[in-house]
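Undergrad: sequence first, then the predicted structure:
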Amino acid sequence: MQNNTSPQYVLDVGQYPTSRIDEFAAQQNMVTEWGGVVALNLTALDVVGSVAIGPIDRDPQAVECFNEFDRLYGTGTCWTYVHEHGVDCTDMLCPTCDFANRCDLLCGFCSPELINQTSLQLHLEGIRVTEDVVVHDVAVHEAVSVLFRDLQARQIVVDGIIPTENSDEVPSGQSIMWMSNCSAAVIDITLPPIQFESLEFSQLVVGDEFSVDAQQTAVSRDVTFHNIARPT
């Protein structure tokens, strides 16, 4: 952990004018060591191939606890500061102190609760994909924010956003899913059994199959299905 707030993994791909790439995949090895927010932003892209998000697990055992000062200045630095120079863990090295996250292992500030606070922000806008867009096997401990806008693909599949043991504690109003101005032969969405603030599916062109499975999903505010049609 690098600062006194939940760390973030943020990946921005694409730019204006439109970028062109061959395939895109965000998987476990990209985000294993982080808790906090996983934010994947893909904008203005032409993708030759598929876009795949997952599998991404948030196993607290995979998150390493360490003394940052020891890594920077040598083994034993934290011990010397605390035991020889009188630096107090609670006054100087705590999670809200000036030198937060510098000696977490020595001071006992490695928090499974913090590690487990993981939310997913997935934003795809202005994307042209020759094959499929698939989100699968992504573990979340907090909120889910999925925004697909102006997206074209052969198939758009969201299946396997996996709530963990803490997900029933997600506050109402934290999770959303919006899909607008998208077109595909197949759109297949399976929502996780957590509480969403709103779900919106509008201005969609679907060639063969449109499916939204929300049997175990609670929604606190709005559910919108508007202007969903076959290609003309």
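TA: Nice, thanks for sending it over.
Undergrad: domain parsing for this structure?
TA: As assigned by automatic domain parsing, the chain contains the domains 8-62+115-229, 70-109.
Undergrad: of those, flag the one that's most buried.
TA: Highest mean neighbour count among those (mean count of other C-beta atoms under 10 Å): domain 8-62+115-229, with a mean of 17. Yep, even glycine has a C-beta here, placed from its N, CA and C like the rest.
Undergrad: distance between that domain and the chain's centre?
TA: In terms of C-alpha atoms, centre = their mean, to the nearest Å, the centre of domain 8-62+115-229 is found 9 Å from the chain centre.
Undergrad: can you list the domains of the chain in JSON lines and add mean pLDDT?
TA: Formatted as JSON lines, those follow (pLDDT from 0 to 100):
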{"stretch": "domain 8-62+115-229", "mean pLDDT": "78"}
{"stretch": "domain 70-109", "mean pLDDT": "85"}
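Undergrad: contacting residues for the residue of the chain most remote from its centre?
TA: Within the chain, E84 marks the point farthest from the mean C-alpha position, 41.9 Å out by C-alpha atoms, centre = their mean. Contacts for E84 (C-beta atoms under 8 Å, 6 or more residues apart in numbering) come out as none.
Undergrad: ok, now how distant is it from C78?
TA: For E84, the distance to C78 (C-beta to C-beta, to the nearest Å) stands at 11 Å.
Undergrad: quickly find the element holding R20.
TA: For R20, the element it lies in under DSSP states H and E is strand 19-21.
Undergrad: cool, N181 as well?
TA: Counting by DSSP H and E, N181 is found in strand 176-190.
Undergrad: show residues contacting that strand.
TA: The set of residues external to strand 176-190 that reach it, using C-beta under 8 Å, 6+ apart, is 133, 144-161, 191, 196-213, 231.
Undergrad: which of the residues you listed fall in strands?
TA: Counted as lying in strands by DSSP state E, out of those, are 133, 144-152, 155-161, 196-213.
Undergrad: can you name the next helix or strand after whichever strand or helix holds A39?
TA: Using DSSP H and E, A39 falls within strand 36-47. Of the helices and strands lying after strand 36-47 in sequence (DSSP H and E), the nearest is strand 51-53.
Undergrad: which residues are contacting that following strand?
TA: When contacts are defined by C-beta under 8 Å, 6+ apart, strand 51-53 is touched by residues 23-27, 40, 42, 122, 124, 127, 129, 132-136, 138, 153.
Undergrad: one step back: could you give the angle of the strand holding A39 to strand 144-152?
TA: Compare the direction of strand 36-47 with that of strand 144-152 by axes from the mean of the first three to the mean of the last three C-alpha atoms, to 10 degrees and you get 0 degrees.
Undergrad: name the nearest residue to V205, sequence neighbours excluded.
TA: Leaving aside its chain neighbours, V205 sits nearest to S183 (3.9 Å; criterion: C-beta to C-beta, 6 or more residues apart in numbering).
Undergrad: so what's that neighbour bridging to?
TA: As for beta bridges, S183 partners with Q152, V205 under DSSP bridges.
Undergrad: again with V146
TA: Assessed by DSSP bridges, V146 has beta-bridge partners L122, M177.
Undergrad: state the distance from it to W79.
TA: According to C-beta to C-beta, V146 and W79 sit 45 Å apart.
Undergrad: need the pLDDT of T5.
TA: pLDDT for T5: 35.
Undergrad: what's near enough to touch the residue minimising distance to the centre of the chain?
TA: Centroid-nearest residue in the chain: L120, 2.4 Å away (criterion: C-alpha atoms, centre = their mean). By C-beta under 8 Å, 6+ apart, L120 lies in contact with V38, V138, V140, A143, V144, S145, V146, I161.
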